[in-house]
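Q: What would the 3D arrangement of this be:
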Amino acid sequence: MTVGISFDLKKNYPNEMKYSVDADCELDSMDTIDAIASALERNGNRVIKLGNARELIKSIEKAKPDIVFNISEGISGRSREAHVPAILEAYQIPYTGSDPLTLSLCLDKSMAKKVIGYSNIPTPDFRKIEEAEEIQKLYEMEIDFPIFIKPCYEGSSKGIRLDSKIKNISTLKKKTFKLLATYRQPVLIEEYLPGSEYTVGILGTKEPEVLGIMEVKSVAQSEKELIYSYEVKKDWENCVQYLCPPPISPQLESAIKKVAIDSFKALECRDVARVDIRLDKDGTPNFLEINPLPGLMPGYSDLYIMAKSVGMEYDVLINKILFSAIERYPHLRINHCKSLMA
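A: Purely as a prediction, here's the structure:
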């Protein structure tokens, strides 16, 4: 089987769009692409590195992959993660992962939380601020502090800093204005939850399963003050512990898994995702956000750590994602079965 890989590299991020120090933090390095390619090749596939959306348009008709392993984050706009899947659908080429609608929905944190709330899944109360003119209205809102603030259309802790936990209205106004100006997109103002934070890996589609639960625990701060910020992620070895599996009760583990799986299904994700969950003051797991394009860097990414904790090799993780996608396409499923028997 010929498998294409679509991706966006940090080194190709446009300089004119680097409005912040974390502008390219969601994009990948060539090391990750090479690792995925090797895992696919070791399973008998021919691999073509297709690149980003613009490169894909130029090469797709000539390359003619049977399926594309998509990890492309896109460059700009709240629908940027949907660019590659939309192109592939236009050419009727199968691909791994969620479809354009789900990818766009999940990237827009406010829209995702609306669906989650409608589905009766616990999530912190929130407000979306779209323009600087709305900042004045913050004084009129009944806001219970502390609250948490972050860009609305980002991931990988982009725009989240150690000062993202806000304790008063004047600081909120200043921080909101700064985020609007820096990231040029709406800002999400969210109820701050004081409990422990977990991230949950999920594989599959029709019957998704939890790969693992990982607790993100600060080594320098009290549990209640963990801010999983850009600064912390850059210096993670000195700032946090990753506990996988975490030391929690079976009841809490079950509750966390339920929120993760219910969120995955409500947002109609496919093949793979990672769900961030935090406990509220009563110890109830709450949905924070979901990443349907989670990092796959060997040795470092959350999914890699979870897979390793359950004895799953990196090659198996990558090919499980591929096999989950193949199940959606009958012609690929038949051909794949024939290749396994050959």
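Q: ok, residue 95 to residue 131 distance?
A: Going from residue 95 to residue 131 by C-beta to C-beta, to the nearest Å gives 35 Å. Backbone N, C-alpha and C define where each C-beta goes, glycine included.
Q: my bad, residue 203
A: 40 Å.
Q: pLDDT below threshold where in the stretch 1-150 of the chain?
A: Applying pLDDT under 70 to the stretch 1-150 of the chain flags residues 139-141.
Q: out of residue 95 and residue 131, which sits in the more crowded spot?
A: Set residue 95 next to residue 131 and count neighbours by other C-beta atoms under 10 Å: residue 95 wins out with 24 against 9.
Q: so who does residue 147 touch?
A: Residue 147 makes contacts with 165-166, 172, 189-192, as judged by C-beta atoms under 8 Å, 6 or more residues apart in numbering.
Q: go with 10 Å
A: 124-127, 164-169, 172, 175, 189-192 (C-beta atoms under 10 Å, 6 or more residues apart in numbering).
Q: If it is in a bridge, with which residues?
A: residue 166, residue 191 (DSSP bridges).
Q: Count the neighbours of the nearest residue to residue 129 once chain neighbours are set aside for me.
A: Once flanking residues are discounted, residue 129 sits nearest to residue 187: 4.7 Å by C-beta to C-beta, 6 or more residues apart in numbering. Per other C-beta under 10 Å, the neighbour tally for residue 187 reads 26.
Q: pLDDT wise, what is residue 187 at?
A: In this prediction, residue 187 carries a pLDDT score of 95.
Q: pretty sure residue 75 is touching residue 84, no?
A: No. In this structure, residue 75 is not within contact of residue 84 by C-beta atoms under 10 Å, at 11.2 Å.
Q: overlap in contacts of the two?
A: Contacts common to residue 75 and residue 84, judged by C-beta under 10 Å, 6+ apart, are 8, 52-53.
Q: got a winner among those residues for most neighbours?
A: residue 8 (23 neighbours).
Q: Could you pull up phi and psi at that residue?
A: Main-chain torsions, residue 8, degrees, to the nearest 10: phi -120, psi 130.
Q: show me the residues around it that make contact.
A: So residue 8 contacts 24, 26-28, 51-53, 55, 71-75, 80-81, 83-84 (C-beta under 10 Å, 6+ apart).
Q: In helices, which of those appear?
A: In this view, the contacts of residue 8 that belong to helices under DSSP state H are 53, 55, 83-84.
Q: Break the protein into its domains for me.
A: 2-97, 125-191, 197-292 (automatic domain parsing).
Q: wait, which of those domains is closest to residue 299?
A: When those are compared by C-beta to C-beta, domain 2-97 sits nearest residue 299, at 8.9 Å.
Q: wouldn't residue 246 be in contact with residue 279 here?
A: No. Using C-beta under 10 Å, residue 246 is not in contact with residue 279; the gap is 11.4 Å.
Q: Please enumerate the shared neighbours of these two.
A: 196, 198, 252, 256.
Q: Dump those into TSV; add neighbour count, distance to residue 146 and secondary structure as well.
A: As requested, the shared contacts of residue 246 and residue 279 are exported to TSV (neighbours: other C-beta atoms under 10 Å; distance: C-beta to C-beta, whole Å; DSSP: H, G, I helix; E, B strand; the rest coil):
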residue	neighbour count	distance to residue 146	secondary structure
196	21	17	coil
198	26	20	strand
252	17	24	helix
256	23	23	helix
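Q: I'd assumed residue 240 was in contact with residue 302.
A: No. In this structure, residue 302 is not within contact of residue 240 by C-beta under 10 Å, at 11.6 Å.
Q: Tell me the one among the ones in helices among the contacts of residue 8 nearest to residue 104.
A: Closest to residue 104, out of all of the ones in helices among the contacts of residue 8 and judged by C-beta to C-beta, is residue 83, at 9.8 Å.
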